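*Asks:* fold the following, please.
(one chain, ligands or ions: 2)
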Amino acid sequence: MRKIYIFDTTLRDGEQSPGVNLNTKEKVEIALQLEKLGVDRMEAGFPAASPGDLAAVNAVARAVKNASVIGLSRSREQDIDAAREALKDAQDPCLHLFLATSPIHRKHKLRMEKDQVLETAERAIRYAKQYFSKIEFSPEDAGRTELDFLVQVTEMAIRAGATVVNIPDTVGYLNPLEFGNIFKTLKENVTGIEKIQLSAHCHDDLGMATANALAAVLNGADQIEGTINGIGERAGNTAIEEVALALATRADYFGATTSLNLKEIAKTSRLVSKLTGMPVPGNKAIVGANAFAHESGIHQDGMLKEKTTYEIISPETIGLKESKLVLGKHSGRHAFREKLIDLGYELEDEAVNAAFAKFKDVADRKKDVTDEDIHAMLEEKLAESPSIYSFQTIEVHYGNQSVPSATIRIEKTNEGVKEATAEGNGSVDAIYNAIDKLTGEEVELEDYSIKSVSHGKDALGEVHVVLLQNDVTAQGRGLSTDILEASARAYVDALNRLIDKRQSPGRRDKMSLI
Ligand SMILES: CC(=O)SCCNC(=O)CCNC(=O)[C@H](O)C(C)(C)COP(=O)(O)OP(=O)(O)OC[C@H]1O[C@@H](n2cnc3c(N)ncnc32)[C@H](O)[C@@H]1OP(=O)(O)O
Ligand SMILES: CC(C)C(=O)C(=O)O
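*Replies:* Ligands and ions are numbered 1, 2, ... in the order given. The predicted structure is shown next:
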């Protein structure tokens, strides 16, 4: 297997993400984690940018022992001198020099002709060579540079003493075929190409940063540059974790590998996200929260039978504990039953089916059904009393300038569905008056409490009521994503228990079993 060197630039290009500013302590913390991850090279900053960045690069250079530490520099002596100062204590220092080469950058930004670009870069490399044995040179915006000029620039860099020539697609403009072709062309046409390593540095403006980096590998690149979580200027850089996992997972195709300790990937991603304040999108490849989560029934069934049906990478590979089966409205019975077993419930098929129907009802109204929701649903089901009345529908009218009213539909065993409307002091009072009207029961509401079962705006609300009738009390519980519906369900549940107690005195209140 061919080794691909990993050049991490989280601390330099990653820090160029708008809004990100890492202090020295944070840079050192990330650098030490990158060292554990096993990156070969890490760009710690741009020492000429500020005294703070120079100090941070110096601190990283002193802390890191097992990776080459790199500082970025324009093709100017003052920048090179700042990098010398920053990297003076590094065990394996490297200077990263750059100068733009594309027609757009030459004309509008540098205001230089081609020969001036060549001269300026060569002078800088030769100056730096007095102090650094390792120099990487980047023709900035190589992606939009004329290919024949890029060949000329690369030959100049090799002659002047560069050890790595990096090809940046600075604005993420190219597609994999075009980017791969640059490497092929340089390999075939540059005199002395065997003396240096070729590197790829891609940006994600068109979402092709990882694909372009892999195309470079296929066409002879020795090194890939990127950042953790793909952070960086504008749409970001190639995500190192994506390249590493693509090479590891498809070694059959790429025939190349990295020295990364893949088990450190999840931890590194979390640290970078925390210290940069840049959340990782849920659907981000490899490190997103959903990368190893399965929600739909057919996928969950496949996963339970054989994980490779829906997972090409195991979560353990990147240091995560396990895949997640997330219950939601697309889930099926296999995953639901598995969850019940996990939570300690052993139910007969019929009970599973009843609980599953309730689960689908909740899942229709809620984004995720949590473990707490399932406990609450099952406890409600297990505690069900013989239902004389079963709740059907509810409609409530509330306005702070009008009297609240509620229309309730309830089915009575052997009598069918009945409907009643009533007003009240508040919405719950109106609901309870309507139920009283329907059932004809005279009860007192002894206690009413409400709590949220899980978190978030769509959390299940659980209402608990105690009803009193002629010295007999009964509790009732109602569960719904809507607290008014939960209130109605709890009241009907308590009424059923009250009637049950009246009809069979001495029977234990099943609620006490919960
Ligand atoms: C593609 C990339 O990611 S490149 C890295 C980008 N990162 C950064 O720019 C972060 C750090 N930068 C900084 O802190 C500042 O830009 C500094 C300290 C480097 C320079 O600041 P200033 O001196 O105020 O210059 P400013 O940034 O406004 O303009 C850049 C100047 O450098 C020139 N320049 C740009 N790239 C290079 C280069 N590779 N080599 C030499 N000169 C360059 C520009 O033409 C411009 O020159 P001019 O002043 O003669 O017109
Ligand atoms: C300095 C260079 C490599 C760069 O960051 C870019 O061109 O994107």
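*Asks:* rest of the way, CA atoms for contacts and neighbours
*Replies:* Fine.
*Asks:* is ligand 1 contacted by stretch 115-126?
*Replies:* No: figure legend: stretch 115-126 not in contact with ligand 1 (C-alpha under 6 Å from any ligand atom); closest approach 7.7 Å.
*Asks:* buried residues in that stretch?
*Replies:* By neighbour count on 16 or more other C-alpha atoms under 10 Å, the buried set for stretch 115-126 is Val117, Leu118, Ala121, Glu122, Arg123, Ala124, Ile125, Arg126.
*Asks:* state the distance from Ala83 to ligand 2.
*Replies:* According to C-alpha to the nearest ligand atom, to the nearest Å, Ala83 and ligand 2 sit 14 Å apart.
*Asks:* might one say that that residue is in contact with Asp53?
*Replies:* No: with contact defined as C-alpha atoms under 8 Å, Ala83 does not reach Asp53; the gap is 10.2 Å.
*Asks:* got any residues that touch both of the two?
*Replies:* Phe46, Pro47 (C-alpha atoms under 8 Å, 6 or more residues apart in numbering).
*Asks:* of these two, who's got more company?
*Replies:* Using other C-alpha atoms under 10 Å, the more surrounded residue of Ala83 and Asp53 is Ala83, with 27 against 22.
*Asks:* residues contacting the more buried one?
*Replies:* Contacts of Ala83 (C-alpha under 8 Å, 6+ apart): Phe46, Pro47, Ala48, Leu54, Gly71, Leu72, Ser73, Leu95.
*Asks:* can you tell me which of those residues are in helices?
*Replies:* If you go by DSSP state H, those have Leu54 in helices.
*Asks:* ok, of the contacts of Ala83, which one's closest to ligand 2?
*Replies:* Distance to ligand 2 across those (C-alpha to the nearest ligand atom) is lowest for Leu72, with 7.1 Å.
*Asks:* any idea how far the closest one is from Gly255?
*Replies:* As for Leu72, its distance to Gly255 is 31 Å (criterion: C-alpha to C-alpha, to the nearest Å).
*Asks:* out of these two, which sits in the more crowded spot?
*Replies:* The neighbour count for Leu72 versus Gly255, taken as other C-alpha under 10 Å, is higher for Leu72 (27 against 14).
*Asks:* let me see the contact set for the residue in the chain that ligand 2 sits nearest to.
*Replies:* Ligand 2 sits closest to Thr170 of the chain, with a gap of 3.8 Å, by C-alpha to the nearest ligand atom. By C-alpha under 8 Å, 6+ apart, the residues touching Thr170 are Glu140, Asp141, Ala142, Gly143, His201, Cys202, His203.
*Asks:* looking at this, Ala420 is in a strand?
*Replies:* Yes: judged by DSSP: H, G, I helix; E, B strand; the rest coil, Ala420 forms part of a strand.
*Asks:* touching stretch 188-202 from outside, list them.
*Replies:* 151-152, 154-155, 158, 162-170, 172, 183, 186-187, 209-210, 212-213, 216, 220-226, 237-238.
*Asks:* make it 7 Å
*Replies:* With C-alpha atoms under 7 Å, 6 or more residues apart in numbering as the test, stretch 188-202 has contacts from 151, 155, 158, 163-170, 172, 187, 209, 212-213, 216, 221-226, 237-238.
*Asks:* now the end-to-end length of that stretch.
*Replies:* One end of stretch 188-202 to the other measures 22 Å (C-alpha to C-alpha).
*Asks:* same question, stretch 4-13
*Replies:* So stretch 4-13: terminal residues 20 Å apart, C-alpha to C-alpha.
*Asks:* who's in contact with that stretch?
*Replies:* 27, 39-46, 222-228, 232-233, 256-258.
*Asks:* and with 8 Å instead?
*Replies:* The set of residues external to stretch 4-13 that reach it, using C-alpha under 8 Å, 6+ apart, is 22, 27, 30-31, 39-46, 72, 217, 221-228, 231-233, 237, 240, 256-259.
*Asks:* same question for that stretch, mean pLDDT?
*Replies:* Mean per-residue pLDDT for stretch 4-13: 98.
*Asks:* how far is it from where the chain is centred?
*Replies:* 21 Å (C-alpha atoms, centre = their mean, to the nearest Å).
*Asks:* so Ala248 is in which element?
*Replies:* helix 240-249 (DSSP states H and E).
*Asks:* can I get the following helix or strand past that helix in PDB? Just the C-alpha atoms.
*Replies:* The helix or strand immediately downstream of helix 240-249 is helix 251-254, counting by DSSP H and E. The C-alpha trace of helix 251-254 is given here as PDB (Å, rounded to 0.1, in the frame of the first residue of the first chain):
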ATOM      1  CA  ALA A 251      -8.300   0.300   0.000                       C
ATOM      2  CA  ASP A 252      -9.300  -2.200  -2.700                       C
ATOM      3  CA  TYR A 253      -9.800   0.700  -5.100                       C
ATOM      4  CA  PHE A 254      -7.300   3.400  -4.000                       C
END
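*Asks:* buried ones in helix 251-254?
*Replies:* Phe254.
*Asks:* so what does the helix or strand that comes right after it touch, helix or strand wise?
*Replies:* Using DSSP H and E, the next helix or strand after helix 251-254 towards the C-terminus is strand 256-257. Contacts defined by 3 or more C-alpha pairs under 8 Å, 6 or more residues apart in numbering; DSSP states H and E place strand 256-257 against strand 2-3, helix 240-249.
*Asks:* could I get the full set of helices for the stretch 101-250 of the chain?
*Replies:* Under the criterion DSSP state H, counting those that start in this stretch, helices of the stretch 101-250 of the chain are mapped to 103-104, 114-129, 147-160, 176-189, 209-218, 240-249.
*Asks:* good, wrapping up.
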